[in-house]
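Q: quick one, what's the 3D model for this:
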Amino acid sequence: MDFDIAPASPVPIYRQIVEQVRRLVASGQLTPGEELPSVRAVAQQHAINPMTVSKAYSMLELEGLLTRRRGVGMAVADVQRDAAPADKAALLRPALEAAAQTAHQLGFTTAEALQLFEEYLDRKKSHE
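A: Model prediction:
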């Protein structure tokens, strides 16, 4: 598992990690019992402070999404239920609202914006 961290983003890095884990769990890409990379590994890979990663993992643990396994690290909690489609949409909606506003401000037509979105979806899918 690899986090997609954007250091230049206005979204704090710990929030980026939290939101990505939420989405991966909601989509079923992270399954109950699956281990997450260690705090140290994530911090080294992305050249970020380990406390940032630890804060994100702790927040997810408090939410009940992750569980701490002594001597092993963090794993997806076993009590997960499949996220309803509405839950998934709620996680996507803020990004879509921001993208729609930006597209409108830049003068894109709906067709142009949808074409760009499809291109990015296809590009992301081809990198999996």
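Q: what are the phi and psi angles of V39?
A: Backbone torsions of V39, given as degrees, to the nearest 10, read phi -50, psi -50.
Q: which SSE is the residue nearest to it when sequence neighbours are not counted in?
A: Spatial nearest neighbour of V39, chain neighbours left out: V53 (4.5 Å); criterion: Cβ to Cβ, 6 or more residues apart in numbering. No exception for glycine: its C-beta is placed from N, CA and C like everyone else's. Using DSSP states H and E, V53 falls within helix 50-63.
Q: list the buried residues of that helix.
A: The neighbour-count check on helix 50-63 (16 or more other Cβ atoms under 10 Å) flags T52, V53, S54, K55, A56, Y57, S58, M59, L60 as buried.
Q: one more: stretch 69-77?
A: Neighbour-count burial for stretch 69-77, with 16+ other Cβ under 10 Å as criterion, is recorded at G73, M74, A75, V76, A77.
Q: and if you look at stretch 44-51?
A: In terms of neighbour count (16+ other Cβ under 10 Å), stretch 44-51 has its buried residues at H46, I48.
Q: what lies in contact with that stretch?
A: The contact list for stretch 44-51, computed with Cβ atoms under 8 Å, 6 or more residues apart in numbering, reads D2, F3, I5, P7, I13, P37, V39, R40, V42, A43.
Q: hmm, 7 Å instead?
A: F3, I5, I13, V39, R40, A43 (Cβ atoms under 7 Å, 6 or more residues apart in numbering).
Q: among these, which ones are buried?
A: Among the contacts of stretch 44-51, those classed as buried by 16+ other Cβ under 10 Å are F3, I5, I13, V39, A43.
Q: mind checking the longest helix of the protein?
A: In terms of residue count, the longest helix belonging to the chain (DSSP state H) is helix 85-105.
Q: so which elements touch that one?
A: Where contact means 3 or more Cβ pairs under 7 Å, 6 or more residues apart in numbering; DSSP states H and E, helix 85-105 is packed against helix 13-27.
Q: just the CA trace of the helix it packs on, in PDB.
A: C-alpha atoms of helix 13-27 as PDB (Å, rounded to 0.1, in the frame of the first residue of the first chain):
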ATOM      1  CA  ILE A  13      -0.600  15.700   5.300                       C
ATOM      2  CA  TYR A  14      -2.200  13.900   8.200                       C
ATOM      3  CA  ARG A  15      -5.700  14.700   6.700                       C
ATOM      4  CA  GLN A  16      -4.500  13.400   3.400                       C
ATOM      5  CA  ILE A  17      -3.600  10.100   5.000                       C
ATOM      6  CA  VAL A  18      -6.800   9.900   7.000                       C
ATOM      7  CA  GLU A  19      -9.000  10.600   4.000                       C
ATOM      8  CA  GLN A  20      -7.100   8.100   1.800                       C
ATOM      9  CA  VAL A  21      -7.500   5.300   4.400                       C
ATOM     10  CA  ARG A  22     -11.200   6.100   4.800                       C
ATOM     11  CA  ARG A  23     -11.700   5.900   1.000                       C
ATOM     12  CA  LEU A  24      -9.700   2.700   0.700                       C
ATOM     13  CA  VAL A  25     -11.700   1.000   3.500                       C
ATOM     14  CA  ALA A  26     -15.000   2.300   2.100                       C
ATOM     15  CA  SER A  27     -14.200   0.900  -1.400                       C
END
